[in-house]
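Trainee: model this:
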Amino acid sequence: MHVNKILLILLSACTLNSFAVSGSSPATMSTPSRAHTAGVSQQNKSLDHSPVTTLNTISTGVILASTERGGLFLYRNQRWTSLGNSPDGQQIYRTAVLDGVIYVLTASNILYQVNPSAKKWQLLPITKNLKIWDIAATGDLVYLAGSNGDNYLLQKGKLKKLPSLEIKSLYAVSEHEVYAGDASGQLYRFTGKLLDKGWKKEASLDGYNKPIWSINKSPVEGIIAGTDNGNVVKYDKDTNSLQPIGNPILSQFDNSKVWYLQADSENIYTVTDNGSLFVYHDGYWKKHAINIANETDCKIWSIYISGKTLYIGTESGVVLAYNLVTDKISIL
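Mentor: The predicted structure follows:
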């Protein structure tokens, strides 16, 4: 274990209004960027020296992180504890937490249930023959998006078949309302009362026919989604369409896949396939560059917002806590 004792190191914010373009981004124009710098070595802070693929919370201040090597880690009382590795040895693609139990989806499309106290991994018998693409949890339910349009609802150990749809991303608003993005850029919704009637197509983006990779809900913009070509779009109920957010839109700075979306009452946060963190505020996108020790503009793999903290997972396996009130970042 490389991180037995965790020191919270405050990072200083600098270069507040500089303009730059990430060298790995196929940007066509420069974007306002903001840099945060840490003068410490990240090597002995890394979880297992592989990218942090997902971030989540079990309760206030208790952070769950996973890695490309299949590691699962819990941060509590200022220290990281390993919960073991995925039995199939594959990257962890998604996590969900219900009643203290962790659900882990790996790149092999296998769903595991993890007891964090016992550090026990279990392959659920009722899902062992399913190939699962994405999961979304709410209340006491876990929605499962499977291959070949096979979708299910997992509740109290029982599996219920849902209407068929080729889903690439899921977002559960509540126990009875779920949004899904498909492979051709369509946004669908169903409610608990309409399960037998199938999915209802809500909106699409004019001229776009590639996957929707991420969905979330913004207190300001409503339902938002991330596209294959670097755009974040919002669901416009008045026109039943998906409309790009920002002027200029995000894809003019970075046209790679939008994997993660998080939002609060003021901002939208996103991570692209190029490893860039962008923040949308007052109509504009701004890139936030993270510098750790001698690593400049380190690549970001995952984000998760909880309260007034944005948790950030890096390619080098470091987890950061960005305090949105004080504008300071700490290494966990």
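
Trainee: Where does the prediction get shaky in the stretch 1-150 of the chain?
Mentor: 1-44 (pLDDT under 70).

Trainee: quick one, strands of it?
Mentor: According to DSSP state E, counting those that start in this stretch, the stretch 1-150 of the chain carries its strands in the segments 10-14, 19-20, 31-38, 52-59, 62-67, 71-76, 79-85, 92-98, 101-106, 111-115, 120-123, 132-138, 141-146.

Trainee: where's Lys287 relative to Asn323, distance?
Mentor: Distance of Lys287 to Asn323, given as Cβ to Cβ, to the nearest Å: 19 Å. The C-beta positions use only the backbone N, C-alpha and C, and glycine is treated the same way.

Trainee: wait, Ile303
Mentor: When Ile303 is compared with Asn323 (using Cβ to Cβ), they lie 14 Å apart.

Trainee: And those two? Which one has more around it.
Mentor: Each of Ile303 and Asn323 has its neighbours counted (other Cβ atoms under 10 Å); Ile303 has more, 22 against 14.

Trainee: these two touch, right, the more buried one and Ile312?
Mentor: Yes. Counting by Cβ atoms under 8 Å, Ile303 does reach Ile312; the two are 5.5 Å apart.

Trainee: Give me the common contacts of these two.
Mentor: Shared between the contact lists of Ile303 and Ile312 (criterion: Cβ atoms under 8 Å, 6 or more residues apart in numbering) are residues 55, 277.

Trainee: Could you list the alpha-carbon positions for stretch 201-221 in CSV?
Mentor: Extracted C-alpha coordinates of stretch 201-221, given in CSV (Å, rounded to 0.1, in the frame of the first residue of the first chain):
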residue,chain,number,x,y,z
LYS,A,201,-37.7,9.5,-27.3
GLU,A,202,-37.3,12.9,-25.8
ALA,A,203,-34.8,14.7,-28.0
SER,A,204,-31.9,14.6,-30.4
LEU,A,205,-29.1,16.9,-31.6
ASP,A,206,-29.7,18.1,-35.2
GLY,A,207,-27.1,16.5,-37.5
TYR,A,208,-25.5,14.3,-34.8
ASN,A,209,-25.7,10.5,-35.0
LYS,A,210,-23.0,9.3,-32.7
PRO,A,211,-23.2,8.1,-29.1
ILE,A,212,-24.2,10.0,-26.0
TRP,A,213,-21.5,9.0,-23.5
SER,A,214,-22.7,10.8,-20.3
ILE,A,215,-25.8,12.2,-18.8
ASN,A,216,-26.4,14.3,-15.6
LYS,A,217,-28.7,16.9,-14.2
SER,A,218,-27.8,20.6,-13.7
PRO,A,219,-29.8,22.7,-11.2
VAL,A,220,-29.7,25.5,-13.8
GLU,A,221,-29.7,23.8,-17.2
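
Trainee: That stretch: how far from the chain's middle?
Mentor: 15 Å (Cα atoms, centre = their mean, to the nearest Å).

Trainee: what's the answer for stretch 134-145, then?
Mentor: Worked out by Cα atoms, centre = their mean, stretch 134-145 lies 15 Å from the chain centre.

Trainee: Need the contact partners of that stretch.
Mentor: Under Cβ under 8 Å, 6+ apart, the answer for stretch 134-145 is 94, 96-99, 103, 105, 111, 127, 130, 132-133, 151-156, 162, 167-175, 178, 180.

Trainee: which of those are buried?
Mentor: The neighbour count (16 or more other Cβ atoms under 10 Å) marks 94, 96-98, 103, 105, 111, 127, 130, 132-133, 151-154, 162, 167-173, 178, 180 as buried among the contacts of stretch 134-145.

Trainee: how about stretch 178-196 as PDB, C-alpha atoms only?
Mentor: The C-alpha trace of stretch 178-196 is given here as PDB (Å, rounded to 0.1, in the frame of the first residue of the first chain):
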ATOM      1  CA  VAL A 178     -34.500   7.500 -15.900                       C
ATOM      2  CA  TYR A 179     -32.800   9.000 -18.900                       C
ATOM      3  CA  ALA A 180     -30.700   7.000 -21.400                       C
ATOM      4  CA  GLY A 181     -28.500   8.000 -24.400                       C
ATOM      5  CA  ASP A 182     -28.200   5.700 -27.300                       C
ATOM      6  CA  ALA A 183     -25.600   5.000 -30.000                       C
ATOM      7  CA  SER A 184     -27.100   7.500 -32.500                       C
ATOM      8  CA  GLY A 185     -27.400  10.600 -30.300                       C
ATOM      9  CA  GLN A 186     -31.000  10.100 -29.100                       C
ATOM     10  CA  LEU A 187     -32.100  11.000 -25.600                       C
ATOM     11  CA  TYR A 188     -34.800   8.700 -24.100                       C
ATOM     12  CA  ARG A 189     -36.700   8.700 -20.900                       C
ATOM     13  CA  PHE A 190     -39.100   6.400 -19.100                       C
ATOM     14  CA  THR A 191     -40.900   6.600 -15.800                       C
ATOM     15  CA  GLY A 192     -42.000   3.800 -13.600                       C
ATOM     16  CA  LYS A 193     -45.600   4.200 -14.800                       C
ATOM     17  CA  LEU A 194     -44.600   3.800 -18.400                       C
ATOM     18  CA  LEU A 195     -42.300   0.800 -18.200                       C
ATOM     19  CA  ASP A 196     -44.600  -1.500 -20.100                       C
END
